[in-house]
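[1] Provided below are the primary sequence and the corresponding predicted coordinates.
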Amino acid sequence: MEVAATTKSVNSPNRQYTLERTRNIGIAAHIDAGKTTTTERILFYTGLIHKIGDVDDGNTVTDWMEQERERGITITSAAVTCYWTQKPEEGLYKTFSGLANRINIIDTPGHVDFTAEVERSMRVLDGAVAVFCAVAGVQPQSETVWRQATKYNVPRIAFINKMDRTGANFDNALNDLRKKLGAYAFPIFLPIGAAEEFSGVVDIVNQKVIVWGPGDVSNEGLKYEISEIPAELKEKAKTALADLIDAVSNKDDVVAEMILEEKPIDIVTLKAAIRRLTCKIEFIPVLCGSAFKKKGVQVLVDAVIDYLPSPLDIPAAQGHEPGADTKVEVPSDDNQKFCSLAFKLWTDPFVGKLVFFRVYSGKLKKGDTIYNPRTRRRERVSRVLIIQGSERKDVETTYAGDIAALVGLRNITTGDTLCDEDFDVMLEPPTFPEPVISMAIEPKTKGDREKMSEGLQRLAEEDPTFRCFTNEDTGQLIIAGMGELHLEIIRDRLFREFSVQANAGAPQIAYRETITAEAEGEGKFIRQSGGRGQYGHACVTVEPNEKGKGVEVKNAIVGGAIPKEYVPAVIDGIEEAIKGGVYAGYQMIDIKVSVVDGSFHEVDSNELAFKMAGIFALKDAVRKASPILLEPIMKVEVTTPDEYQGDLMGDLNRRRGKIQGMESKNGQTIINSEVPLAEMFGYATACRSLSKGRASYSMEPKTFEQVPNGVLNTILDLAKSKPAART
Ligand code: GDP
């Protein structure tokens, strides 16, 4: 199916793996569904690692941070590159059979405290394998990950893992996918047996069976055999194929037309149609297996090649000219100017600071100079690396569609565009959720303060949902993040990577401020007391921004009311005032600010005066724009035996919770609710005691909402009397 016509124009003759044979995929799932194990098996079967690692032994490749090994969860998104050749002799009618494909895998975390990691990797993926547990089906976190994939238009295939576990039920998991995620999902493989009896899969498209084993488990992994479908499975396999063709024909014109004309649907046509629909996110092919038992992994990698898009199968990335709204397309093409997105900063223990980046167009050679439109700075690229298992490999050139890492660059943060200087374009950076929790932190040993703030600064550079700053009123260092576990891991890393032991205060809610009306404001900073004076004057307008869109500050001055060289100072002042808050001293979100007017003085104007004018103008405008206080609202899902449902709901109500829905399944009730985070402290204990230890719950940040009047005054008083609480 390789498209010869496009090959010539977009691929550089020097590249080893063409764009058509490149896949950038993520493996996304609920924690514990088996992402790490699946990734590990893929790396093993693609020949990257020579001993299969088991998560339980703590020696897997992608979980390279020590905490992850200890906690058994994946926190960082490590990008790993591997290669896969589909074997034509197996007669499975592969898309690119016989040619090697390059697959870049970005391991995405499943724990809710690390949604930023998921968000940022989704931004650079072309496709994802969503891993589900065949016993638990769709879990709350899988829904979050799924929503994020939808938000970033990431095509997906689903892998129902853990078919070997007692209680594994493929049909239930499939129903969950359809019901809870609204997925148009159809199996392309069916399991043969379940739990102990799970031995292989029926390949519906090819009408064959694939059986793994017997036995183990050597370092070579399990071999599989492809054979004809045995009599007892024939009927089932035929029905599944008919259902699959039917499902595809509902969405795909080519297949629908062939059916109308009563033409038989051959395998190549069917696979091509599944691929088309999957790439358009109109169809989810469903596979199954047991990563742990090494069954179903090779066909999963085949499916990645067959059905997930190459960079050419998805719409070109969009950027805009810096400081303007003019849209610019960034097509996947080696012959265009270079443009890439830095999506992850990582301090590697061996090579130092790495900047992971995804190339959208053009190519980058060692020794080239890249340009960062945000900072307007140039930097020279001394080394380009790709990560293969635990090895770091130097490469000379990276091409469109590649994911690689740069070494030794400064002044780059997550979300920066890196491009050719004469291709001045900014790609849409990923959006990150606001921190919901904060705490004061101080070093155990006084002398460590500097080392600690340097460490925190470095960690904040890597992780955009982690913030640290000094509280102006108290001088305390404050850290803020997505949950207690998130901040605990930060403290852990401080100790391990920077040898600083830190004490932390009690967790505080990260309230936010916003405005509800439009307003204008004016700020003047004028001093004339002999000698050279100060003169800065700025006028701004403010308006509410769409929820979740964050802060946008732009220069809308026409005609030089403020000279060009002072505008950045005004914007700095505005941004500083937004960080510090106006209403109650909490950071502002979802606000649009335009600098519209001002004036200057030939002699007395300077940057400082304009920065102060910016601060005053913003504060003036916000005070007139009906500011409000926002609090983080959590999505809380409680699972309990039916008999405790009443007590638990009563408790959630007392916590200002809103019940969103309830579901009953096998004597268990699942209560879905939204509760202010401020009311959730101590919930673990309450939940336990109300249910005699039998209920469990999960919680994740959902949104920010206005603090109701009844609670508002307490918070405002607290903010006044204890400024340390404000962050
Ligand atoms: P992650 O949190 O999604 O990365 O999940 P892991 O890969 O760390 O797996 C979580 C746990 O499930 C570990 O104890 C694995 O050994 C186990 N596990 C993963 N895949 C399978 C599987 O296919 N079958 C069984 N029985 N256990 C599995």
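    Sure, I can see it. Numbering: from 1, shown residues only.
[2] which residue does the stretch 601-727 of the chain bring closest to the ligand?
    Proximity to the ligand, evaluated over the stretch 601-727 of the chain using CB to the nearest ligand atom, is greatest for residue 698 at 14.2 Å. In this view, the C-beta of every residue, glycine as well, is placed from N, C-alpha and C.
[3] which other helices and strands contact the strand or helix carrying that residue?
    Taking DSSP states H and E as the criterion, residue 698 maps to strand 696-706. Other helices and strands packing on strand 696-706, by 3 or more CB pairs under 8 Å, 6 or more residues apart in numbering; DSSP states H and E, are helix 140-151, strand 627-641, helix 683-690.
[4] at 10 Å instead, please
    helix 140-151, strand 512-515, strand 627-641, strand 668-676, helix 683-690 (3 or more CB pairs under 10 Å, 6 or more residues apart in numbering; DSSP states H and E).
[5] Report the inter-axis angle for the longest one versus helix 683-690.
    In other words, strand 627-641. 40 degrees (axes from the mean of the first three to the mean of the last three CA atoms, to 10 degrees).
[6] May I see the buried residues of stretch 521-534?
    Neighbour counts over stretch 521-534 (16 or more other CB atoms under 10 Å) mark 521, 523-526, 534 as buried.
[7] Mind checking which of those residues land in strands?
    521, 523-526, 534 (DSSP state E).
[8] Counting neighbours, what do you get for the residue of the stretch 601-727 of the chain closest to the ligand?
    Neighbour count for residue 698, taken as other CB atoms under 10 Å: 16.
[9] The strand holding residue 698 pairs with which strands?
    With DSSP bridges as the test, strand 696-706 is paired with strand 627-641 (antiparallel).
[10] Let's test this: mean pLDDT of the strand it pairs with, rounded?
    Throughout strand 627-641, pLDDT has a mean value of 90.
[11] In it, which of the residues would be classed as buried?
    Within strand 627-641, the residues that count as buried by 16+ other CB under 10 Å are 627-640.
[12] ok, then the element right after that strand?
    helix 645-654.
[13] Give me the distance between the closest residue to residue 616 other than its chain neighbours and the ligand.
    Once flanking residues are discounted, residue 616 sits nearest to residue 523: 2.9 Å by CB to CB, 6 or more residues apart in numbering. Distance from residue 523 to the ligand, counting by CB to the nearest ligand atom, to the nearest Å: 51 Å.
[14] per-domain residue ranges of the chain.
    Residue ranges for the domains of the chain, per automatic domain parsing: 20-307, 317-427, 437-511, 517-625, 629-706.
[15] Output those as a markdown table; include the columns distance to residue 717.
    Formatted as a markdown table, the domains of the chain follow (distance: least, CB to CB, whole Å):
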| stretch | distance to residue 717 |
| --- | --- |
| domain 20-307 | 30 |
| domain 317-427 | 37 |
| domain 437-511 | 13 |
| domain 517-625 | 10 |
| domain 629-706 | 12 |
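[16] and those domains, which one's lowest on average pLDDT?
    domain 20-307 (a mean of 82).
[17] Between the two ends of that domain, how far is it?
    12 Å (CA to CA, to the nearest Å).
[18] neighbours around residue 565, how many?
    Residue 565 has 10 nearby residues by other CB under 10 Å.
[19] State the distance from it to residue 607.
    Per CB to CB, to the nearest Å, residue 565 is found 8 Å from residue 607.
[20] which of the buried residues of stretch 521-534 lies closest to the ligand?
    Nearest member of the buried residues of stretch 521-534 to the ligand, counting by CB to the nearest ligand atom, is residue 521, at 49.0 Å.
[21] for residue 43, phi and psi?
    Main-chain torsions, residue 43, degrees, to the nearest 10: phi -60, psi -30.
[22] gap between it and residue 127?
    Counting by CB to CB, the gap from residue 43 to residue 127 is 18 Å.
[23] Now name the helix or strand holding the residue of the chain most remote from its centre.
    No residue in the chain sits farther from the centre than residue 530, which is 55.8 Å out by CA atoms, centre = their mean. Using DSSP H and E, residue 530 sits in no helix or strand.
[24] Just list the residues touching the closest residue in space to residue 406 that isn't next to it in sequence, thanks.
    Counting by CB to CB, 6+ apart, residue 406 lies nearest to residue 355, which is 4.5 Å off, once chain neighbours are set aside. By CB atoms under 10 Å, 6 or more residues apart in numbering, the contact set of residue 355 is 340, 342-346, 379, 381, 404-410, 412-414, 416, 418.
[25] With adjacent residues omitted, what lies nearest to residue 309?
    Closest residue to residue 309 apart from its sequence neighbours, by CB to CB, 6+ apart: residue 279 at 4.3 Å.
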